[in-house]
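coords please:
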Amino acid sequence: MTQAHTVTAHGAAIPAIGLGTFRLEGERCSEAVKAAIAAGYRHIDTAKMYGNEQAVGAGLKLSGIARADVFVTTKIWLDDIAPGDLERSAEESLKRLGLSEVDLLLIHWPNKAVPLERSTAALCEAKRRGLARHVGVSNYTAAMLDETVRLATEPLAVNQVEYHPFLAQDSVLAACRLHGMVLTSYCPLGRTAVLGERAVREIATRHGKSASQVILRWHVQQPGVVAIPKSGTPRHIAENLDVFDFALTADEMSALSALRRPGGRVVDPEFAPDWDRDAA
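This next block holds a predicted model:
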């Protein structure tokens, strides 16, 4: 049974649960992609930096799925986001993936050495060249998102950021909704740190679901939010998609959101932007 639940933005219809592939490599990555497609996933997320685009492409071929039936995202690393560099990097990603275009091309991280005006122009040019059906960004703050939307000559569909109950993203969520964009959550389980919380376990027990399913349901039950959990295990891959047959109550949603805390961020490299105050 294929996934039906999608989130839309500027013409992009993005399946609400995707397979994240960070740290999946080689045959293990290809087999995970194949298992995900077999389980019903129709959204696969990769990036140049992951070093697995070729393996993702191989997994798509192994799955036998028609190209039109799967939504593929890849991302351009921060060293390659200047005009000329970004388009060349996108072309190289397509060769590794074995695709003529991706459904979504993102700038993986902003680069303080490359002005937003230049990186945004390059991203829009990549879309005009037919390298991607849709474009967006990743790890952008609310202010950066506002400025990038102002500069863009093509619609931006997505801002992909770390998001889970330990990490508030109110400012970015508000900016995405203002601009008609999707927020895609990476590390949606907080790299499993969230799963041991008492509130999570109690909600899981009430619904007869796993802790990870409860957290993923919290994501997709929010308007305009997509989640891309990573797993290389077929059982967990299938379990992560099985979140559309139950709903959390308003009180349960609030209890999970109340888990936010200072220092809840998992991913914070030295080249990161100055995060929004509510997401530091």
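
Which strands or helices does the helix or strand residue 86 falls within pack on?
Assigning secondary structure by DSSP states H and E places residue 86 in helix 85-97. Under the contact definition 3 or more CB pairs under 8 Å, 6 or more residues apart in numbering; DSSP states H and E, helix 85-97 sits against helix 53-63, strand 71-76, strand 102-107, helix 116-128. In this view, the C-beta of every residue, glycine as well, is placed from N, C-alpha and C.

roughly how far out does it sit from the chain middle?
Taking CA atoms, centre = their mean, to the nearest Å, one finds helix 85-97 lying 19 Å from the centre of the chain it belongs to.

how about TSV for the helices and strands packed on helix 85-97, with distance to residue 251 added?
Compiled in TSV, these are given as follows (distance: least, CB to CB, whole Å):
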stretch	distance to residue 251
helix 53-63	39
strand 71-76	33
strand 102-107	34
helix 116-128	40
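
ok, back up a step: buried residues, the helix holding residue 86. List them.
85, 86, 87, 89, 90, 93, 94, 96, 97 (16 or more other CB atoms under 10 Å).

surely the fifth one meets residue 132?
Yes: using CB atoms under 8 Å, residue 90 and residue 132 qualify as a contacting pair, with a distance of 6.9 Å.

so what sits against both of these two?
Shared contacts of residue 90 and residue 132, defined by CB atoms under 8 Å, 6 or more residues apart in numbering, comprise 102, 105, 126.

The closest residue to the second one other than its chain neighbours: what's it in contact with?
Translated: residue 105. The shortest distance from residue 105 to any residue other than its chain neighbours is 3.5 Å, reached at residue 132 (CB to CB, 6 or more residues apart in numbering). By CB under 8 Å, 6+ apart, the contact set of residue 132 is 90, 101, 102, 103, 104, 105, 126.

Would you point out which residue is most central in this protein?
Centroid-nearest residue in the chain: residue 184, 4.0 Å away (criterion: CA atoms, centre = their mean).

Who are the contact partners of that one?
14, 18, 45, 138, 158, 159, 160, 161, 225, 226, 227, 228.

does it count as helix, strand or coil?
Three-state assignment for residue 184 (DSSP: H, G, I helix; E, B strand; the rest coil): strand.

Okay, it and residue 160: tell me how far apart.
4 Å (CB to CB, to the nearest Å).

now residue 252
Remark: distance between residue 252 and residue 160 (CB to CB) = 26 Å.
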